[in-house]
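[1] Need coordinates for the following:
(one chain, ligands or ions: 1)
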Amino acid sequence: MPVPKRRHCPSRQGKRRANWKMRTRLTVPCEQCGAPKIRHRVCPSCGTYKRELVINKNA
Ligand SMILES: [Zn+2]
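    Alright, predicted model coming up:
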């Protein structure tokens, strides 16, 4: 039974990986202060998550 030697050639692998950085780190505007923040993470500028204060930035 024939078996493929490798899945894809190195150039094809590189073409796929060329888009990695564009897709990762999707940011959404914070619902509290409007600053860009990473999804499902505490906002780095005001320290809230789901409108609830998690990290007190003023203290
Ligand atoms: Zn915020």
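
[2] Skip the chain neighbours and tell me the closest residue to residue 48.
    Of all residues not flanking residue 48 in the chain, residue 32 sits nearest, at 4.7 Å (C-beta to C-beta, 6 or more residues apart in numbering). C-betas here are computed from N, CA, C, even on glycine.

[3] Can you give me the neighbour number for the one you found?
    Using other C-beta atoms under 10 Å, residue 32 has 17 other residues around it.

[4] element containing it?
    In the assignment (DSSP states H and E), residue 32 maps to no helix and no strand.

[5] what's around residue 43, how many residues?
    So residue 43, with other C-beta under 10 Å, has 22 neighbours.

[6] Can you pull the residues of this protein lying near the ion?
    30, 32, 33, 43, 45, 46 (C-beta under 5 Å from the ion).

[7] What pLDDT is listed against the last one?
    What it means is residue 46. pLDDT for residue 46: 87.

[8] Tell me the secondary structure at it.
    coil (DSSP: H, G, I helix; E, B strand; the rest coil).

[9] Which residue, other than its chain neighbours, is closest to it?
    residue 33 (4.3 Å).

[10] now do the first one
    Take residue 30 and drop its neighbours on the chain: the residue closest to it by C-beta to C-beta, 6+ apart is residue 43, 4.4 Å away.
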